[in-house]
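1. Got a predicted structure here, sequence first:
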Amino acid sequence: MVFVRPLGEAERRELKRLARREVGRVSERIRMVLLSRRGYSVPRIAEIFECDEATVRGWLERFAGEGVAGLCDRPRAGRPRKADAAAREVIRQQVETSPAEAGYLFGCWTVATLAAHLAAAVGLRVSQATVRRALLALGFRWRRPKHALPQDPQAASKMWALCEPVLRAPHDAVVLCLDECDLHLLPVLRAMWMRRGRQARVPTPGTNRKRSIFGALEWTTGRWAYAIFERKRSVEFLAFLEQLVQAYPGRPLLVVLDNASIHTAKVVQQWLAEHPQVELLFLPTYSGHEQNPVEKVWWRLKGHVAANRLHGSIDSLVAAVHEFFASFTPAAARQLAA
């Protein structure tokens, strides 16, 4: 049987110290030597470290001939990596510069275009595989971006202006968050579980149709009101406001909503002049998708009734909407709005 040569006490303490300091494979090799000194057989050591017995014998022989230095990694053969730290920094700087700034027509870098640009612009000639590895090491990933709406520079002041009438409203006033969405017969595509290599297919209708849903959420109680129309215009908006006035007879209504044109049309202004109990409070521009809790209701609705599912007809889709809201409790609404 193969065992390590006898170790002196000072040599044993040094090996134990190095085993704690070193990491990875070097630390494992030192521990192989220490276990062999304690009488562990080569098969037992190989079982502990889940490696071949020949590997254990090789490192014990290396230690016998070269000492601790023999357990360290030796310089490897082959060409050194081209994408060293300096090269990765150059790659990072270039990929964070838009192609337009570099004089190209395309809008984003690919591995191929970035590799060609590195060679032409900065003289760094590396393969596409090297560029890909460097990008991954730098924390970059190939993903789809998302749309970003413009920022309203007066957003803070508009939010304060919106809060003021809510704070001074009479005790019987109702604060409603209102929004609209379109629901198409064409299914909404959402992520789902599917077998690797077998992408699920969702059938589409021969002709797409849609319905427009108006919804209002009472902020304090979670009470939900909605209406479904064939179109989404100021006419339908006013019809929904009439529905809300009837639902809250004699009570002031403070309606929080976005700046869509159907909310600001002249016919709406005329209607408001005739219904002083209704006041529209407009959110900052482009912020409805973040500030209006009704957006979360639409997301939940589409996930339940339209995601990855083709209904046989528009009437079937509308029926599914009614079924969803029949079980949409105030508690569920408040949880979404939180």
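-> In hand now; what should we look at?
2. Show me which strand runs longest in this protein.
-> In the chain, with assignment by DSSP state E, the single longest strand is strand 174-184.
3. just checking, what packs against whatever helix or strand comes next after that one?
-> Using DSSP states H and E, the helix or strand that follows strand 174-184 in sequence is strand 210-218. When contacts are defined as 3 or more CB pairs under 8 Å, 6 or more residues apart in numbering; DSSP states H and E, strand 210-218 sits against strand 174-184, strand 224-229, helix 234-247, helix 294-305, helix 314-326. Any C-beta I mention is one placed from the backbone N, CA and C, and that applies to glycine too.
4. CSV please, covering these and showing mean pLDDT, distance to E9 and mean neighbour count.
-> Output for the helices and strands packed on strand 210-218, formatted as CSV (pLDDT from 0 to 100; distance: least, CB to CB, whole Å; neighbours: other CB atoms under 10 Å):
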stretch, mean pLDDT, distance to E9, mean neighbour count
strand 174-184, 95, 77, 20
strand 224-229, 97, 79, 17
helix 234-247, 97, 89, 17
helix 294-305, 94, 69, 18
helix 314-326, 96, 77, 15
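5. wait, which of these is closest to L124?
-> helix 294-305 (45.0 Å; CB to CB).
6. I'd like the helices and strands packed on strand 210-218 written out as CSV, with distance to S27 added.
-> Shown next, in CSV, are the helices and strands packed on strand 210-218 (distance: least, CB to CB, whole Å):
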stretch, distance to S27
strand 174-184, 59
strand 224-229, 62
helix 234-247, 70
helix 294-305, 50
helix 314-326, 59
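7. Which of those sits closest to V4?
-> Of all the helices and strands packed on strand 210-218, it is helix 294-305 that lies closest to V4, at 63.6 Å by CB to CB.
8. Which strands or helices does that closest one pack on?
-> Against helix 294-305 (3+ CB pairs under 8 Å, 6+ apart) you get strand 174-184, strand 210-218, helix 314-326, helix 330-337.
9. Now distance to L18 too, for those, in CSV please.
-> Conversion of those to CSV gives the following (distance: least, CB to CB, whole Å):
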stretch, distance to L18
strand 174-184, 66
strand 210-218, 66
helix 314-326, 66
helix 330-337, 57
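10. rewinding a little: among the helices and strands packed on strand 210-218, which is nearest A333?
-> Here strand 224-229 is closest among the helices and strands packed on strand 210-218 (CB to CB), at 5.3 Å.
11. who does the closest one pair up with?
-> The pairing partners recorded for strand 224-229 under DSSP bridges are strand 210-218 (antiparallel).
12. Quick check, pLDDT for E290.
-> At E290, the model reports a pLDDT of 75.
13. and stretch 159-179, how far apart are its ends?
-> 17 Å (CA to CA, to the nearest Å).
14. ok, residues contacting that stretch?
-> 214-220, 240, 244, 248, 251-258, 279, 281-284, 288, 291-295, 298, 337 (CB atoms under 8 Å, 6 or more residues apart in numbering).
15. Any of those residues buried? List them.
-> 214-219, 240, 244, 248, 252-258, 279, 281-284, 288, 292-295, 298, 337 (16 or more other CB atoms under 10 Å).
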